[in-house]
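A.B. asks: next input, structure requested:
(2 chains)
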Amino acid sequence: MSAPLDGYRSEPKNVYRFGAFVLVVAVGITALSTRMAYLQIVQAQAAYQAGADTQQTAAQSVASTRGLIFDATGKPLATNVVDYSVTVTPSDLPLDQETTVAYRLGAVLNLDPIYIETKIDSTTGSLYVPVKIADGISAQIARFIEENSDALPGVEVVVSSRRQYLQPTLFSDIIGYEGQITASQYKNWQALGYSNADIVGQAGLENQYEQVLRGTYGTQKVVLDSAGKPIPGLVNTTGDPVPGDSLTLNIDIQEQQYARDALAWGLDASKVTKGVIIVENPQNGKILAMVSLPSYDDQVFSDGISDTAFQKLLSDPDQPLLNKAIGGQYAPGSTYKLVTGTAGLASGPPLTAPPVGGTVGSLTPSIDTSSTLLSGPFVVIGDRPYKEWNDQGWGPLNIYQGVAYSSDTFFYQLALLVGIDKLTYWADQYGFGKPTGIDLPETATGIVPTNDWKQANYKYPMYLGEIAQAGIGQGYDASTPLQLLDAYCALANGGTVWQPQVVSSIKNGATGDVTTIQPVAENRLKSQDGKPISPDVLTTMRIATRDVVTSRHTGNLVDLPIKVAGKTGTAEFNLPDKNGNLPYHEWFVGYVPANPYVDDFTKPDSQLAVLAFIYGADTYANVATEVVKLYLMKHYKLKGDPFSVRTDGYIPPWVARTTNFYGQNTARD
Amino acid sequence: MSILRGETLRLRGWAPKAGWLAWRNYDFQLTTYAILLTLFGLAMAYSNSVGSSHVPLTLASPFVRSIMWAVIAVVVLGLTTVFDYKWLRSLAWPLYIINIGLLILTLRFGGGTGEAGSAARWIQVGGFQFQFSELAKIIMVVVFAAYLADHQSTIKSPWTIIGALVILVPPWILVMLQPDLGTSLVLVATITGLLFMSGASLFWLGTLAAAVVAAIPFVWSHMADYQQARLLTLLNPGADPQHAGYQIHQAETAVNAGGCCGKGLTNGNVDLPVGTTDFVWGVLAEELGFIGGMVVLILFALLLWRLLACSWRSNDPFATFIGCGMATMIFFQVFVNVGMVMGLVPVTGIPLPFITYGGASMVSLAAGLGFIQSTNLRRERPEW
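C.D. replies: Sure thing, here's the model as predicted:
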């Protein structure tokens, strides 16, 4: 070892070490060459003969975690649970071991071995297709089977995720259920990465927010063997799944339960099965509760509904699968007098020159708050009498009284005064006859009969009698319960028809960012001259709806400590029963001011509007009003029994109409 | 004696700083092999850009990008050849600091995807991604060469080995943090090879290696489950064993499918993940076959031979060690990359020099070869 000189050293190189390095490189390159030769010359021949040079791969998708659904307070409504099921692939199970395996599996799963064997043997599909033996097995058993897979050839534990609905019947109409993708859904969603075997939302929010809840499926490539079966372990993940977004609703489980209890009581009392209750905030369109009865259990769908059970639900005349709040359309009856009253008070043709059934003249109101129309036992239109509902009439009525008594003759005349064009204009302004824009799969838009509509469907324009009937929500008029509630919300909030919203916020599944859904105004009420509706018109109608309650048209509703305004409605439909009475729908739409204990309806500040609808009721009094009353008592935690809050002459709603009792102050219309 | 001998050397020494005669010592073979290998790399990039469906070339395609990088690499090769490598020795420590700075920059602002979901591998500048860990390999060769040349007098001491490891640790940790196990292994392999070639004590090298091997089970058993899983994941670039299984299976299928003569450029159709980078050999073997593969391997062998020859011919230990370091680095990468595709070596993310698509790798290799040509031009002795 000599000291370096001036940074240099004559012999820094060791010939043995250089030699060793050259040797290592030579051995390495030779090894690579040999391996190359083996793979490409020797093995390639065999591979070529086996036809393996045409590599078969298949793209598969990897399910992402579906987004969860929470109520307004953050309590879970829909979650995912792991589901273990046991399958047997016949092609992987040697025939001579079948009995043994069935016996062992039977012992583990507590099943009859003969049942298992029969199930394996009775498969009609390909032998490569796994046969499901049991599902919903516990994690311990699943683990036990996996650990003993040597003793159980062909047996596999399949892990999948399944929806769990924590409020299965209470929220089924809102949340809906999942099911096999339909042919048309597959066609529409194929480009989004859906496969024809996917389970997708088929109703309610599950359907409406399908893409949001689903997230993004991952993708992977698998290598297929010569039989086209994926080779286990040869998987290439080409895209990671992104979890779906979670939804938070505006609905609180407690409110939904109150609403449901109230409606269930009403249906029980009137001995009918179908009804709807909706609660909405008029200031922003947030849906606070929505119940449609009869309903169904959506957990049954998640657990795997049988064909017969599904057919039974489909063929049930009460249509449990239909959310009647948005999918049913019914004659709105007297509740529709809101539209007729607004049409009369708002700018339009003057009272002095009634353009009966006709065109719009100068844009001045048809009536004002001091105008009166004479209410008799009936009005004759054409050659037919149109009766007052109490068969007597009330004499001259102004708009307040007309609404308060729900006078049919008053509104027949008013409808004819304003004419069909103006009537349908205001129906359209309030949102009738078109989708509400709610974030649920909406299936009905209702009917607002116009001359054009009548011409297209019946080859004649609207007759005068039909116009009169359209003015009281009968005849051709049809509305979904939600449309009607939206219209009253517009009244309560001073003229904005909000888009009803079930979902309040969406939480991104990947980033956790929360997007709050902003209220959307579908329409702001405008007169035909294009100007916003005069606030006076709505104030008048609000006070008139309060008069409905204070005049005891709604019985003892006025006796509640909270101040309610609203409108009842009864719409006859179908054929008379054996007593000659028509069955009828009963409605009540009400709202309370922001301070419910102060009787001031001049301000458009209501925070709560409720609609109840009873299909085919047969009670004397209006049971829908009782349902709303019961709901409000629960909502405001009012003390006392709703039935003990009674005043003289109060007839409980469950008194059958056939008692033919007259003369009390609980009006049915 | 040594003084006298040194004087003699000086007198006989012929070290022109300029002049055309110096170019007699330029190793044209070395440059030729490198260019031929790069042409194979461009062919692979072309195949990757065009594919079997013959997608039209765009400015952003790997092929066009590779040509741009190749032009830059030629310029870098020229500049580093002209540059007097002896300056590098004094610049070694500043380069080391810059290297660490660049690696920290990469960690801080870098982008990329890796096993753990996100990784910091490259820095994006104006549409070009630059992977500084590639540059780090060359810089570390220069730093180690300078260090070992400076410690020739104490080369047998264990402290020299420990000192080398101390130099290695900061960049190694920064590379592991990216995380880039491949580059960190290349760094370890380079220092090991250089220590061996510089004449470090085999006893102490062996003792150190034995100590590391002996420590593995002890450290492993004291690791938490998740740490073990992490490490296993790190050893497998595919994040899961199944993923790596797929890659290996597909790579072997591709090599098989190539046969003797290959399917022809752009005709490969076996689905191969990272077919442009880590598994480029699979595509090469499939499309160019055994013959093409052997040509490339022989070119690598010749290139390594020339590197060792240049290294041997130099009388400057610094120059010798740069050559040895480059040779170790290139050989390790070739063996691991090709061996991995053919199932000889576990799957590790190491690029194949010259062939793998990547601007940083190309430019770094050009710089390294330029330094070696620079040592050729500035040899103390014209012949040996």
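
A.B. asks: near chain A at all, stretch B:197-208?
C.D. replies: Yes. Stretch B:197-208 lies within reach of chain A by CB under 8 Å from any CB of the partner chain, at B:197-199. Yep, even glycine has a C-beta here, placed from its N, CA and C like the rest.

A.B. asks: other residues contacting that stretch?
C.D. replies: Applying CB atoms under 8 Å, 6 or more residues apart in numbering or on different chains, the contact partners of stretch B:197-208 are A:12, A:14, A:17-18, A:21, B:148, B:152, B:155-158, B:160-161, B:192, B:195-196, B:317, B:320-321, B:324, B:328.

A.B. asks: ok, back up a step: from the residues of stretch B:197-208 next to chain A, which ones fall inside helices?
C.D. replies: Mapping the residues of stretch B:197-208 next to chain A onto helices (DSSP state H) picks out residue B:197.

A.B. asks: pLDDT and neighbour count for the residues of stretch B:197-208 next to chain A - can I get that in CSV?
C.D. replies: Shown next, in CSV, are the residues of stretch B:197-208 next to chain A (pLDDT from 0 to 100; neighbours: other CB atoms under 10 Å in any protein chain shown):
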residue, pLDDT, neighbour count
B:197, 91, 25
B:198, 89, 26
B:199, 88, 20
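
A.B. asks: rewinding a little: of the contacts of stretch B:197-208, grab the buried ones for ChimeraX.
C.D. replies: Selection of buried members from the contacts of stretch B:197-208 for ChimeraX, criterion 16 or more other CB atoms under 10 Å in any protein chain shown:
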select /A:12,17,18,21 /B:148,152,155,160,161,192,195,196,317,320,321,324,328
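
A.B. asks: which one of the residues of stretch B:197-208 next to chain A is nearest to residue A:389?
C.D. replies: Closest to residue A:389 out of those is residue B:197 (109.4 Å), distances taken as CB to CB.

A.B. asks: what about the closest one, distance to residue B:205?
C.D. replies: Using CB to CB, to the nearest Å, residue B:197 is found at 11 Å from residue B:205.

A.B. asks: residue boundaries of the strands in chain B?
C.D. replies: For chain B, applying DSSP state E gives strands covering B:111-114, B:117-125, B:128-130.

A.B. asks: how many neighbours does residue A:196 have?
C.D. replies: 12 (other CB atoms under 10 Å in any protein chain shown).

A.B. asks: same deal with the one 3 residues further on?
C.D. replies: Using other CB under 10 Å as the criterion, residue A:199 is surrounded by 19 other residues.

A.B. asks: for residue A:220, which non-adjacent residue is spatially closest?
C.D. replies: Leaving aside its chain neighbours, residue A:220 sits nearest to residue A:237 (4.8 Å; criterion: CB to CB, 6 or more residues apart in numbering or on different chains).

A.B. asks: which strand or helix spans the one you found?
C.D. replies: Under the criterion of DSSP states H and E, residue A:237 resides in strand A:230-239.

A.B. asks: and the residue nearest to residue A:139 when sequence neighbours are not counted, what element?
C.D. replies: In this structure, residue A:139 finds its nearest non-sequential neighbour in residue A:84, 6.6 Å apart by CB to CB, 6+ apart. Using DSSP H and E, the element containing residue A:84 is strand A:76-88.

A.B. asks: ok, then the element right after that strand?
C.D. replies: Downstream of strand A:76-88 (by DSSP H and E), the next one is helix A:98-109.

A.B. asks: so what secondary structure elements neighbour that next one?
C.D. replies: Here helix A:98-109 touches strand A:76-88, helix A:113-121, strand A:131-137, helix A:139-147, going by 3 or more CB pairs under 8 Å, 6 or more residues apart in numbering or on different chains; DSSP states H and E.

A.B. asks: buried residues, that helix. List them.
C.D. replies: Under the neighbour-count criterion of 16+ other CB under 10 Å, helix A:98-109 has A:98, A:101-102, A:104-106, A:108-109 buried.

A.B. asks: how much space separates the residue in the stretch 501-650 of chain A that chain B sits nearest to from residue A:245?
C.D. replies: Nearest to chain B in the stretch 501-650 of chain A, going by CB to the nearest CB, is residue A:510, at a distance of 11.4 Å. Counting by CB to CB, the gap from residue A:510 to residue A:245 is 9 Å.

A.B. asks: same check, this time on residue B:205
C.D. replies: 57 Å.

A.B. asks: where in chain B is pLDDT low?
C.D. replies: B:1-21, B:52-53, B:111-121, B:125-128, B:224-245, B:273-276, B:380-384 (pLDDT under 70).

A.B. asks: hmm, 80 instead?
C.D. replies: Residues of chain B meeting the criterion pLDDT under 80: B:1-23, B:51-57, B:59-60, B:110-129, B:179-181, B:222-250, B:252, B:267-277, B:346-349, B:379-384.
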